[in-house]
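Student: Please find the sequence and the predicted model below.
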Amino acid sequence: MTTASATTLGTDEIDRRFAAVLARSRRQIFWPVGLALGVLVYLVYAWIAFDMTSLVQQSRFDRAAILALDSFAYKVHVTEDLRDAGAPLEISIEGARQGGFREDPDWVVRTETGAAVDLGDGYRAVIEGRTLTLTGPGLDGPVEARVLEDGTVEATGSRPDWVKVNDRRFEARPTLFQRVRITRTRIELHRYFVGWENFWFDYDSPYHGMGLMQAWAYAGSQPQIEEGISNRALIFSNFWTNKEWQHGDVFKALLETILMALLGTLVASIVGLPLAFLAARNFNPVMASRMAVRRVFDFLRGIDMLVWSLIFIRAFGLGPLTGIMAIAFTDTGTLGKLFSEAIENIDGKQVDGVKSTGASPVQRYRFGVIPQILPIFVAQSLYYLESNTRSATIIGALGAGGIGLKLVETLRTGVDWENTFYIILLTIAVVIAMDIFSGWLRRKLITDA
């Protein structure tokens, strides 16, 4: 009878009896939908507020591709100076005067009136006086561009989309790895090669053009190259003093950044821990002093690390001390708050047990409190050490020195993108190494404790 009655309940009766269950079920269905709609509305608002449509339309993705290419490839310039008819053809890496070749590469053949240049991927350019002829895939026939006596640039022949011509300039970019550029003063060809040029040894080194292992083998089979130093010591010296990549300066700057992060975090941890006891309710019953310490923590962490660095640059000038102080001030506030909350959440029974043995207040802290907060103390300190390695790079860019300053120097040139990428990779490698080291140290300290 009961079963039959249950099966014949009407909709209104079900709504009345199970109103709370049905209301909760409806909320569970609709709140994710509402959240998704809220996020969508916010994204639409942000798109309109920041005028993303115009930004996308104005974006130069071709330049972004060239920038990405420059980070892992280098280009060789072949230049004919039209201002001086007797000037020889110049072949150099990245257009640097000191970056010339001791011998012409095999893809450049000089002629009496110019040169024949293999640009790769089937493209070939021939320079004859003030005229250039370009052939290759995607061309119905040769493209001929010339500079007239009055400085006007003109071109005839095939005209695909990647060939652009006006009275002042001819430019062709068949692929990212080739470029032809003609102005009234010069004919310039670019050919890209994957890799970092002269990464191991610069032009002044006797090992120029060799890889590290090749130079090592060569050094062992040759008589002493320079007096007073062995060949293999000379390898390290030439690598360390490489004028183009400045490995020595880069690694010194990297060490400076690590020291800024390490000392700043160390000072913050050492200062923050005792202050955390003063901010903890269960160890400092005096409300006035407790609130004062907490407000100090709020003040220190409320001002961003970058702002602190600007203040200390004004106070102490440029240098690592600025970075150390900025990190120490910000993290003292952050770690102090975290440590005080950890102290307030300890198990009081362990402290009472130590106290019952007649232990002094210092001993109660040492054996009743520290073992409980040690995992948090170690974990948080090491986490902020990892994070501060990145932060020290940013602070260094503002003037505190270190690898951040070297990064800004490469960015200012506008051409040393491979050096920029090199420094970024080193910074990422250091952060990964710090993560691995801190994980090992965390496990060791907590296990031993």
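Tutor: Noted; the coordinates are in hand.
Student: number of nearby residues for F61?
Tutor: For F61, the count of nearby residues is 8 (other CB atoms under 10 Å). (C-beta placed from N, C-alpha, C; glycine too.)
Student: Can you give me every residue that contacts it?
Tutor: For F61, the contact set (CB atoms under 8 Å, 6 or more residues apart in numbering) is empty.
Student: Report the separation between it and L189.
Tutor: Distance, F61 to L189, by CB to CB, to the nearest Å: 24 Å.
Student: With W417 instead?
Tutor: Separation of W417 from L189 (CB to CB): 20 Å.
Student: For the two, indicate the residue with more neighbours.
Tutor: The neighbour count for W417 versus L189, taken as other CB under 10 Å, is higher for L189 (26 against 20).
Student: any idea which helix or strand carries V44?
Tutor: For V44, the host element (DSSP states H and E) is helix 19-49.
Student: Next SSE downstream of that helix?
Tutor: helix 52-58.
Student: For that next one, give me every contacting residue.
Tutor: Applying CB under 8 Å, 6+ apart, the contact partners of helix 52-58 are A46, W47.
Student: which parts of it are buried?
Tutor: By neighbour count with 16 or more other CB atoms under 10 Å, helix 52-58 contains no buried residues.
Student: Distance from the chain centre to that helix, please.
Tutor: 25 Å (CA atoms, centre = their mean, to the nearest Å).
Student: Domain-wise, how is this structure divided?
Tutor: Here the domain parsing of the chain from automatic domain parsing is 2-49, 70-194, 247-448.
Student: Tell me which of these sits most buried.
Tutor: Per residue and on average, the most neighbours among the domains of the chain fall to domain 247-448, with a mean of 18 (mean count of other CB atoms under 10 Å).
Student: where does the closest residue to S230 other than its chain neighbours land in three-state SS?
Tutor: What sits nearest to S230 in space, not counting adjacent residues and going by CB to CB, 6 or more residues apart in numbering, is Q224, at 7.1 Å. Here Q224 is coil, with the state taken from DSSP: H, G, I helix; E, B strand; the rest coil.
Student: Next, count neighbours for Q224.
Tutor: If we define neighbours as other CB under 10 Å, then Q224 has 11 of them.
Student: doesn't A233 make contact with it?
Tutor: No - the criterion here is CB atoms under 8 Å, and Q224 misses it with A233 at 10.5 Å.
Student: returning to what we had before: could I get the domains of the chain as CSV with distance to Y218?
Tutor: Below are the domains of the chain laid out as CSV (distance: least, CB to CB, whole Å):
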stretch, distance to Y218
domain 2-49, 59
domain 70-194, 16
domain 247-448, 20
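Student: To M210, which of those domains lies closest?
Tutor: Nearest to M210 among the domains of the chain is domain 70-194 (13.2 Å), distances taken as CB to CB.
Student: quick one: low-confidence ranges for this structure?
Tutor: Residues of the chain meeting the criterion pLDDT under 70: 1-29, 95-100, 414-415, 447-449.
Student: So V126 is in contact with G114, correct?
Tutor: Yes - using CB under 8 Å, V126 is in contact with G114, at 7.1 Å.
Student: and A115, how far is that from R146?
Tutor: Remark: distance between A115 and R146 (CB to CB) = 16 Å.
Student: hey, where'd the helices end up in the stretch 301-449 of the chain?
Tutor: With DSSP state H, counting those that start in this stretch as the criterion, the stretch 301-449 of the chain has helices at 305-316, 320-344, 348-356, 361-364, 370-395, 403-413, 417-448.
Student: Next, format these as a markdown table and append distance to M291.
Tutor: Formatted as a markdown table, the helices of the stretch 301-449 of the chain follow (distance: least, CB to CB, whole Å):
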| stretch | distance to M291 |
| --- | --- |
| helix 305-316 | 23 |
| helix 320-344 | 12 |
| helix 348-356 | 22 |
| helix 361-364 | 22 |
| helix 370-395 | 21 |
| helix 403-413 | 37 |
| helix 417-448 | 32 |
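Student: where do the helices sit along the stretch 151-300 of the chain?
Tutor: 212-221, 231-240, 247-279, 287-302.
Student: Nearest to Y365, out of the ones you listed?
Tutor: Within those, the stretch nearest Y365 is helix 247-279; the backing value is 7.4 Å (CB to CB).
Student: Quick check: which helices or strands does that closest one pack against?
Tutor: helix 231-240, helix 287-302, helix 320-344, helix 370-395, helix 403-413, helix 417-448 (3 or more CB pairs under 8 Å, 6 or more residues apart in numbering; DSSP states H and E).
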